[in-house]
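A.B. asks: Got a sequence here, can you build the structure:
(chains A and B)
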Number of protein chains: 2
Amino acid sequence: MSERFGVRAVCGKARRGAFRARQGTFETPTFMPVGTRASVKGVDVERLAEVGASVMLVNTYHLWLRPGAERISRLGGIHAFTGWKGQILSDSGGFQVFSLKGMRTLTEQGIEFRSHLDGSRQFLSPEVSVRVQQTLGVDIAMALDECPSSDLPFGQLEESLDLTFRWAKRSLDARSDPGMCIFGITQGGCHRELRTRAAQQIASLPFDGFAIGGLSVGEPKGSMYEVLRYHVDQLPPGSIHYLMGVGTPEDIVEAVSQGVDIFDCVMPTRAGRFGRVFVEGEPPFFNIKNSRFAEDSSPIDPGCACVACRTYSRAYVHYLFKVGEMLGPQLASIHNLSHYLSLMSRIRSSIEGGSFDALYASIKARWASLDLHELA
Amino acid sequence: MSERFGVRAVCGKARRGAFRARQGTFETPTFMPVGTRASVKGVDVERLAEVGASVMLVNTYHLWLRPGAERISRLGGIHAFTGWKGQILSDSGGFQVFSLKGMRTLTEQGIEFRSHLDGSRQFLSPEVSVRVQQTLGVDIAMALDECPSSDLPFGQLEESLDLTFRWAKRSLDARSDPGMCIFGITQGGCHRELRTRAAQQIASLPFDGFAIGGLSVGEPKGSMYEVLRYHVDQLPPGSIHYLMGVGTPEDIVEAVSQGVDIFDCVMPTRAGRFGRVFVEGEPPFFNIKNSRFAEDSSPIDPGCACVACRTYSRAYVHYLFKVGEMLGPQLASIHNLSHYLSLMSRIRSSIEGGSFDALYASIKARWASLDLHELA
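C.D. replies: Numbers count the residues shown, from 1 in each chain, chains lettered A, B, ... in the order given. Sure thing, here's the model as predicted:
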């Protein structure tokens, strides 16, 4: 067991745990709402706490470029800046920089790129990333990893892993604030050999947690599930396991069943802004803009206690979207986050109670053979 | 005294009162947040109640055309639809229809116009307006009045008043639900003779309250204040007095000093969406997007208890506006409403305590010789 993470109960490979970081201890499995630019879109932090969020994710790349890590530091750090009293995890910035096709140059030292804001020349390295995250004052930092294109030749993917390994060591060395956790990240796409190599490399380092990167980036759902079935076991069992950028409720129970502890995804808020809402029931999500909700006086989800469901009808939220009132996206976003955090709470209870398998089966059944393109 | 309205204290001509309508009794003077399309933009009803709002205004024209009064009625009425547990006042729809230049025809019977949504032919009359407001289920309806262009010849303005008088009687006759209040409206622009005539006409009818229309429509501030100085006294002294579409905090204390009891205005929310925030202090409002706030760690208004001020810094709200995060307009809107409702609360206390004159003087001093174009 890591000194920060403890498993309190298991149900198969699913783990009910708790992780201790600077702001206290949070319960796992949990889901981290995404506040890309230090704001979970449309949701104030009081509402975020109300629905049970314990960790917020922010994006280093965006905050580094604007308003700047030093400015946030001068303002008292990322907690004072965002008003969020829970934990804050930041990504390394690498994912965004590697998405800047044609505007970046990769070397052993790091990545030179041009800012998407003003075209200015910037340089990201493991040391810079850790320094920026530390300056922000986050509770959990991510090590900078290379995010290679999955269609590279196998040999180049191996080289990429080795670079990520060297960067991982440099990331750990760059930390000067012992109160800030750092998580390492495995890459390797859907190649079992590469994933195994990545796990051996990253798990050999004294990270405070271990993340699975490079999934949910366009591969078929079945391929991701296949990786999870062997790869989570390759991570240190006593440490927290983080599946980055995932996913649907189905993805989440699937990953929990393989031993994943924490998740982040823009899905609940992004889907919400477009009117897609998640519910307990069949189907497990629908588009509130659909005309069949125009006179539906029931709440979005009768079992949900969020501000949207305790106050408003489907018909009203439908109407807000139809006329373009900003309250519509706000309500759908907070509802979806409430749905996700409520799911995580039920997952935790079910692991404690030994009934995770039943919850897993019910969610898998509800999500089976759905067309998920609408959520993409 | 009207049986619905009671004056509990006075301070000069300023009145501290209470009005009884279907949802209970609300305290005056008060300010009504504007939910044009049944939503105060960016603000959920729990937050709206939290800042002390007791009456929400909705626009009959918009709701009549979309989603339709019958639909709202089938959904349980405007309170069930909006989730707002306080009072709801609706305008008559006339102001919007008269704004449809070139798309409307006025007759004794009413106004034929084309919908701004689909060009469909529609007809608004006193009877239709009252029926729509009654179908919505509002607590306080407004009588349909003609809103003439102020540059008409005097004789035509007189004829317009007489038409509004006839329509006022028809509005009262059209009410079938005795639980719904109806307020009459005076027009007459800035002509003392016309205002006097309008007051004599409208005050002769058994309305539940009396509103001053046709001000704050582009005339100089001084002209509006001049009308208020004689015109409020022309309304029945035992009834509630409503100044429609007004205004700045200065306008509000000026009108209260002349005996006005309730107000509505889009200013706090519209200004908020554009980053203008109201504060106790000098200047009494500023643009949070101004770069001088980029590292200002104080709340928008240190004396304010709203969710924006108890949680976030000026620097953070500044940043939200700079990067275009929707939380920025949300926070500025709820803050401004909190500022307005807090002002009304202080006005009520000062009238009770006999210190309204001091509050009046301090607000007039703070607003003296300001350039208000930024708020327009």
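A.B. asks: Whether stretch A:87-102 contacts chain B - can you check?
C.D. replies: No: judged by Cβ under 8 Å from any Cβ of the partner chain, stretch A:87-102 stays clear of chain B, getting no closer than 13.9 Å. Every C-beta, even on glycine, is put in place using the N, C-alpha and C of the backbone.
A.B. asks: now the end-to-end length of that stretch.
C.D. replies: Taking Cα to Cα, to the nearest Å, the first and last residues of stretch A:87-102 lie 35 Å apart.
A.B. asks: so what's A:R310 scoring on pLDDT?
C.D. replies: Note for A:R310: predicted pLDDT of 97.
A.B. asks: Might you report the residue contacts of it?
C.D. replies: A:R310 sits next to A:P299, A:C304 when contact means Cβ atoms under 8 Å, 6 or more residues apart in numbering or on different chains.
A.B. asks: Confirm it sits in a strand?
C.D. replies: No: A:R310: not assigned to a strand; according to DSSP: H, G, I helix; E, B strand; the rest coil it is helix.
A.B. asks: What is the neighbour count of the closest residue to A:K289 other than its chain neighbours?
C.D. replies: Spatial nearest neighbour of A:K289, chain neighbours left out: A:G275 (4.3 Å); criterion: Cβ to Cβ, 6 or more residues apart in numbering or on different chains. For A:G275, the neighbour count with other Cβ atoms under 10 Å in any protein chain shown is 21.
A.B. asks: so A:G275 makes contact with A:S333?
C.D. replies: No: applying Cβ atoms under 8 Å, one finds A:G275 not in contact with A:S333, separated by 10.6 Å.
A.B. asks: Spit out the contact partners of the residue in chain A sticking out farthest from the centre.
C.D. replies: No residue in chain A sits farther from the centre than A:E295, which is 35.4 Å out by Cα atoms, centre = their mean. Shown in contact with A:E295 (Cβ under 8 Å, 6+ apart): A:A315, B:R71, B:R74, B:L75.
A.B. asks: secondary structure class for it?
C.D. replies: coil.
A.B. asks: Give me the pLDDT value at it.
C.D. replies: Per-residue confidence (pLDDT) for A:E295: 98.
A.B. asks: next one: A:E282
C.D. replies: If you check A:E282, the pLDDT there is 89.
A.B. asks: Show the backbone phi and psi for it.
C.D. replies: Note on A:E282: its backbone torsions stand at phi -120, psi 130 [degrees, to the nearest 10].
A.B. asks: need the longest helix for chain A.
C.D. replies: If you go by DSSP state H, chain A has its longest helix at helix A:327-353.
A.B. asks: Check which element follows that one along the chain.
C.D. replies: Reading on from helix A:327-353 to the C-terminus, the next helix or strand found by DSSP states H and E is helix A:356-367.
A.B. asks: List the contacts of A:H335.
C.D. replies: Per Cβ under 8 Å, 6+ apart, neighbours of A:H335: A:G272, A:V277, A:F278, A:I300, A:D301, A:C304, A:C306, A:A308, A:C309.
A.B. asks: in stretch A:116-127, what's buried?
C.D. replies: For stretch A:116-127, the neighbour count (16 or more other Cβ atoms under 10 Å in any protein chain shown) marks A:Q122, A:L124, A:S125, A:P126, A:E127 as buried.
A.B. asks: ditto for stretch A:318-336
C.D. replies: Applying 16+ other Cβ under 10 Å to stretch A:318-336 flags A:318-323, A:325-336 as buried.
A.B. asks: Kindly report the residues of the stretch 1-150 of chain A close to chain B.
C.D. replies: Within the stretch 1-150 of chain A, the positions near chain B by Cβ under 8 Å from any Cβ are A:37-39, A:41-46, A:66-67, A:71, A:74-76, A:80-83.
A.B. asks: With adjacent residues omitted, what lies nearest to the residue in the stretch 201-350 of chain A positioned nearest to chain B?
C.D. replies: Distances between the stretch 201-350 of chain A and chain B by Cβ to the nearest Cβ are smallest at A:T311, namely 4.1 Å. Using Cβ to Cβ, 6+ apart and skipping residues adjacent in sequence, the residue nearest A:T311 is B:G83, 4.1 Å away.
A.B. asks: And the contacts of A:H335, which is closest to B:D264?
C.D. replies: A:A308 (26.1 Å; Cβ to Cβ).
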